[in-house]
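[1] With the sequence up front, the predicted model follows.
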Amino acid sequence: MELTVLGGRGVNACSGYLLQSGDTSIWIDCGNGTFGHLQEHLEMEKLTAVVLTHGHPDHCVDIYGLHVMLRYGVDITGMPVYAPEGLEGYLLSLVHDFDDTFEWNPIGDGDCTKIGDIELRFSRTDHPPPTYAIEARADDRRMIYTADTGPGWTVGAFDAAADLVLSEATYMHDNRPAPIHLSAKQAGEAAREARAQRLAVERSRARGEGRRGSVRRGGGARGPTPHDRGVDGGRGHPPRRARARRAATDHLHERLHRVRGGFGARRVWAHARAVHGVGRGTDSPVVARPGPWLGDGRVLDASRVDVRTQRA
């Protein structure tokens with residue numbers, strides 16, 4: 001089973017993942033910006049199905065682009081789409097109809113289905129509107145994707161000891177304005193309690209971090225952003241609060257609960273703008289390569305894309 005990260009938390013693209021096993025290719029969440037990345041990795045004729053975890057635009061809006069491609073480009077009908085009940089009607093608010101482009105399949109809490117070589121099971125998370133985490137099984141491997149959730153739901157809703165938990169981590173732990181998302185600390189604690197073999201987190205940029213003012217390997221900054229110039233006198237350094245939050249995030253990544261293990265034959269590399277020291281380990285199927293990559297070989301930040309994959 002192979003996972004390609006197409007986007008996460010709206011830096012270059014929002015949430016979206018390509019999950020593959022054998023001839024089966026499933027696009028999980030169609031966040032804005034992910035459709036272009038999907039086409040870099042997969043011909044549309046080879047797409048098996050789409051799964052939408054919920055109806056927030058950062059997880060579903062690129063399905064409109066897929067509709068245009070399938071209907072007017074490659075002339076494919078009946079593409080299976082698995083989504084919460086009622087989501088089709090919600091998405092139709094922007095188009096007259098989808099014709100026969102999609103075959104809609106409602107999902108609910110505890111539902112199971114098999115798409116090609118991959119078995120899926122769904123669990124209702126702690127997030128409005130109705131949102132469903134996904135457990136995927138294939139090739140004697142198992143992955144859990146939390147989708148969006150607050151702390152009222154954990155990966156413990158599925159069987160323990162998954163090979164990979166892909167978890168949201170929207171908040172800094174000391175700044176959680178609403179209980180509908182997790183902090184990275186909460187994601188790490190939940191994965192440890194569920195005895196996950198590996199944890200990958202997707203996170204938002206901390207408030208105040210400049211897009212071009214991100215820390216690079218060896219320290220320093222790429223140059224002042226307009227925000228930096230207004231706050232820090234144009235010296236090209238991130239504001240003090242941004243530096244503190246970034247340092248806290250780096251410290252958290254070092255201390256996030258990590259365990260050894262593997263996930264299929266694919267190494268997932270997440271491209272990052274913000275970097276601190278990266279360790280490499282040949283025993284780890286989730287590994288950072290030299291250059292501007294974030295992660296330590298055991299905890300992967302899945303939020304900064306262009307993401308590449310490589311067979312082990």
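    That came through, no problem.

[2] you'd agree residue 120 is up against residue 53?
    No: judged on C-beta atoms under 8 Å, residue 120 makes no contact with residue 53 at a distance of 11.2 Å. Quick note: C-beta positions are derived from backbone N, CA and C, even for glycine.

[3] what touches both of these two?
    Taking C-beta atoms under 8 Å, 6 or more residues apart in numbering as the criterion, residue 120 and residue 53 both touch residue 134.

[4] For the two, indicate the residue with more neighbours.
    Comparing residue 120 with residue 53 by neighbour count (other C-beta atoms under 10 Å), the higher total belongs to residue 53, at 28 against 23.

[5] Leaving out sequence neighbours, find the closest residue to the more buried one.
    Leaving aside its sequence neighbours, residue 53 sits nearest to residue 147 (C-beta to C-beta, 6 or more residues apart in numbering; 3.7 Å).

[6] Contacts only, for the one you found.
    Shown in contact with residue 147 (C-beta under 8 Å, 6+ apart): 29, 53, 54, 59, 125, 127, 131, 132, 133, 134, 168.

[7] how close does it sit to residue 133?
    According to C-beta to C-beta, to the nearest Å, residue 147 stands 5 Å off from residue 133.

[8] So for these two, which residues contact both of them?
    Going by C-beta under 8 Å, 6+ apart, residues that sit against residue 147 and also against residue 133 are 53, 125.

[9] all helices for the chain, in order.
    For the chain, the helices defined by DSSP state H cover 34-41, 57-60, 63-68, 87-91, 184-193, 226-232, 240-255.

[10] Pick out the shakiest of those, pLDDT-wise.
    Sorting the helices of the chain by mean pLDDT places helix 226-232 lowest, at a mean of 31.

[11] which residues does the residue lying closest to residue 116 once chain neighbours are set aside bridge with?
    Spatial nearest neighbour of residue 116, chain neighbours left out: residue 24 (3.0 Å); criterion: C-beta to C-beta, 6+ apart. For residue 24, the beta-bridge partners are residue 21 (DSSP bridges).

[12] Residue 24 contacts residue 120, correct?
    No: if you go by C-beta under 8 Å, residue 24 and residue 120 don't touch, sitting 10.8 Å apart.

[13] Which residue, other than its chain neighbours, is closest to residue 84?
    Nearest to residue 84 is residue 130, by C-beta to C-beta, 6+ apart, at 4.5 Å.
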